[in-house]
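[1] A structural model of the following input is requested.
(2 chains)
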Amino acid sequence: GAVVSQHPSRVICKSGTSVKIECRSLDFQATTMFWYRQFPKQSLMLMATSNEGSKATYEQGVEKDKFLINHASLTLSTLTVTSAHPEDSSFYICSARGTVEQPQHFGDGTRLSIL
Amino acid sequence: GENVEQHPSTLSVQEGDSAVIKCTYSDSASNYFPWYKQELGKGPQLIIDIRSNVGEKKDQRIAVTLNKTAKHFSLHITETQPEDSAVYFCAASNRDSSASKIIFGSGTRLSIRP
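    Below is the predicted model:
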């Protein structure tokens, strides 16, 4: 079945570092990719939606200069957390789908810890 | 915009018994309702979905029902097993919109007692 690969699975870094997370669709072309943030014991909160070759659409309250999203190909999207601070520590999950009629598949998430 | 409410937040059932999780949605334009299972430290995995032109769908021990009029949909797991323990999320979206995005419920932590 469809697989979405997310890398790295775990990142621990110092405050002020920029961190890049990759999301790849392994066996389908991902026209649209989504980035979510999940706090412990809470639901997934959509951060942004990106279509291949277009600028990402950010949800209200999400800083686009803080969370840089690139979706340059139909199989890869990246999320860069710039100048990360402890409050950015969270579980970040990407998701991808082909056409709007196709299911949305999720990666296994990246646990980001900023010291 | 769409708002999805999910109950209960936690559910504990005896192994072999059934579990039911209920959700409501607010946007009548929503026409696609997936259910996801999330295990600890993992991303959500799609377990079943239903479209608005269908009232019920079953896949082995899992079934979903949809009441469009009441804007209710439910997940039913029968003959529960220890491996069913996880967090379950309902969700809703409007697939007629090119800007379609999935809105999640708050999640239900299901525990299966041996």
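[2] just give me the neighbour total for the closest residue to chain B within chain A.
    Checking chain A residue by residue against chain B with Cβ to the nearest Cβ singles out A:Phe106 as nearest, at 3.8 Å. The way it works is simple: take the backbone N, C-alpha and C, and place the C-beta from them, glycine included. As a burial measure, the neighbour count of A:Phe106 was computed by other Cβ atoms under 10 Å in any protein chain shown and equals 22.
[3] try B:Ala70
    By the measure other Cβ under 10 Å, the count of residues near B:Ala70 is 8.
[4] now do it, the pLDDT please.
    Model confidence at B:Ala70, expressed as pLDDT, equals 95.
[5] likewise A:Asn51?
    Predicted confidence (pLDDT) for A:Asn51: 88.
[6] tell me who's in contact with it.
    Residues counted as contacts of A:Asn51 (Cβ atoms under 8 Å, 6 or more residues apart in numbering or on different chains) are A:31-32, A:71.
[7] and which of the residues you listed is nearest A:Gln60?
    A:Thr32 (19.0 Å; Cβ to Cβ).
[8] what does stretch A:14-27 contact?
    A:2-8, A:11, A:13, A:33, A:35, A:74-86, A:92, A:94, A:96, A:105, A:107, A:110, A:112, A:114-115.
[9] would you mind listing what in chain A touches chain B?
    Contact residues (Cβ under 8 Å from any Cβ of the partner chain) of chain A with chain B: A:4, A:6, A:34, A:41-44, A:46, A:49, A:57, A:93, A:95, A:100-101, A:103-109, A:111.
[10] write the PyMOL selection for whichever of the residues you listed are buried.
    Of those, the buried ones can be selected in PyMOL as follows, counting by 16 or more other Cβ atoms under 10 Å in any protein chain shown:
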select buried, chain A and resi 4+6+34+43+44+46+49+93+95+100+104+105+106+107+108+109
